[in-house]
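Chemist: the following block contains a protein sequence and its predicted model.
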Amino acid sequence: MKLHLTLAALFTAVSFAGAEEKELFNGKDLAGWDGNMELWSVQDGAITGKTAADPANPAKSILKHNTFLVWRGGLVKDFELTLKYKMIGGNSGIQYRSKELEKGAQGPIISGYQADFEAGKTYSGILYEERGRGILALRGQKVVIKEGDKETTDKKGNVKKGANIEVTGSVGESDAIQAVIKNEDWNEYKIVAKGGHLQHFINGVQTVDVTDESAVGAKEGLLALQIHVGGPMTVQFKDMKLVELK
């Protein structure tokens with residue numbers, strides 16, 4: 001298995017010296033965060049999102065729509081975010097430069113860029129746009145998003161009008177990236193956003209490299225954590241550090 005990192009990616013992956021680092025989670029409670037507190041809590045020093053099984057259909061959870069825990073410390077623009085996550089069942093993600101559409105019946109409904117991860121073996125590390133253009137970069141892809149729309153498919157296979165995406169290269173092989181991800185254990189996720197240039201890393205390995213040149217690409221917005229519809233799941237987050245880039 002072989003991973004390919006460009007010299008530019010290696011420079012971007014390092015921490016930005018001299019920038020102030022913010023701790024987004026105090027390790028004790030959900031101060032500064034907003035969401036459905038019947039679904040979110042702090043357990044074992046980690047933000048924990050958990051859904052129970054639907055008594056009428058144990059294969060599904062009680063969740064009727066994707067819901068989020070929103071950081072209320074302000075909007076983010078250009079930044080480096082690192083955190084650790086653990087996933088047991090289901091699908092989750094980290095929203096950034098996002099917006100709140102409404103207060104849903106089971107918590108906030110959010111739209112925008114998402115650094116995806118899952119209990120499966122396909123989508124961890126991709127760039128997805130929640131309630132937007134769908135998949136913007138599959139794992140291992142280096143892409144440029146141009147103006148205009150094309151027909152794309154979402155993760156359920158539904159055809160929709162999406163982004164005008166040009167695949168320009170690769171940052172690694174999907175299977176090799178998956179091999180560094182620990183199942184039902186702690187992994188480190190890093191997101192670097194600078195202007196229209198967006199990069200994701202898991203356990204130090206780059207998963208996507210995206211340049212969004214389109215007018216609809218958000219330049220600032222909210223940070224949030226996701227609980228996804230589907231089967232019962234548990235997701236945890238800790239060691240959340242944000243560096244705002246100038």
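Modeler: Okay, I see it. All values reported here derive from a predicted model rather than from experimental measurement. Numbers count the residues shown, from 1 in each chain.

Chemist: quick check: bridge partners of I145?
Modeler: Assessed by DSSP bridges, I145 has beta-bridge partners I165, D212.

Chemist: residues in contact with it?
Modeler: Contact partners of I145, counting by CB atoms under 8 Å, 6 or more residues apart in numbering, are 136, 163-166, 210-214, 217. (C-beta placed from N, C-alpha, C; glycine too.)

Chemist: scan those and report the most crowded one.
Modeler: Counting neighbours by other CB atoms under 10 Å, the top entry in these is D212, with 27 neighbours.

Chemist: now do the same contact list for that residue.
Modeler: 136, 145, 196, 198.

Chemist: roughly how far apart are it and I94?
Modeler: D212 sits 17 Å away from I94, going by CB to CB, to the nearest Å.

Chemist: ok, T211 next?
Modeler: According to CB to CB, T211 and I94 sit 20 Å apart.

Chemist: which secondary structure element contains G162?
Modeler: Here G162, judged by DSSP states H and E, is contained in strand 159-170.

Chemist: which of the contacts of D212 fall within strands?
Modeler: Judged by DSSP state E, the subset of the contacts of D212 located in strands is 136, 145, 198.

Chemist: what are the bridge partners for the last one, then?
Modeler: Residues in a beta bridge with L198, per DSSP bridges, are A193, V210.

Chemist: test my guess that it contacts T207.
Modeler: No - if you go by CB atoms under 8 Å, L198 and T207 don't touch, sitting 11.1 Å apart.

Chemist: ok so, going back, nearest to I47 among the ones in strands among the contacts of D212?
Modeler: Of all these, I47 sits closest to L198, with 23.1 Å by CB to CB.

Chemist: and that closest one, how many residues sit next to it?
Modeler: Neighbours around L198, by other CB under 10 Å: 24.

Chemist: could I get the full set of helices for this protein?
Modeler: 7-13, 174-179 (DSSP state H).

Chemist: mean pLDDT for those helices: which is lowest?
Modeler: When the helices of the chain are compared on mean pLDDT, helix 7-13 scores lowest, with a mean of 39.

Chemist: can you list the buried residues in stretch 73-87?
Modeler: The neighbour-count check on stretch 73-87 (16 or more other CB atoms under 10 Å) flags 76-87 as buried.

Chemist: before we move on, the earlier item: put the alpha carbons of the strand holding G162 into PDB.
Modeler: Provided in PDB are the C-alpha atoms of strand 159-170 (Å, rounded to 0.1, in the frame of the first residue of the first chain):
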ATOM      1  CA  VAL A 159     -29.200  11.700  -8.500                       C
ATOM      2  CA  LYS A 160     -29.300  15.400  -7.800                       C
ATOM      3  CA  LYS A 161     -27.900  18.700  -9.100                       C
ATOM      4  CA  GLY A 162     -24.500  19.100  -7.500                       C
ATOM      5  CA  ALA A 163     -21.100  20.700  -7.900                       C
ATOM      6  CA  ASN A 164     -19.000  21.100 -11.100                       C
ATOM      7  CA  ILE A 165     -16.100  18.900  -9.800                       C
ATOM      8  CA  GLU A 166     -12.800  18.400 -11.700                       C
ATOM      9  CA  VAL A 167     -10.600  15.600 -10.200                       C
ATOM     10  CA  THR A 168      -7.000  16.900 -10.700                       C
ATOM     11  CA  GLY A 169      -5.000  14.300  -8.800                       C
ATOM     12  CA  SER A 170      -4.700  12.000  -5.800                       C
END
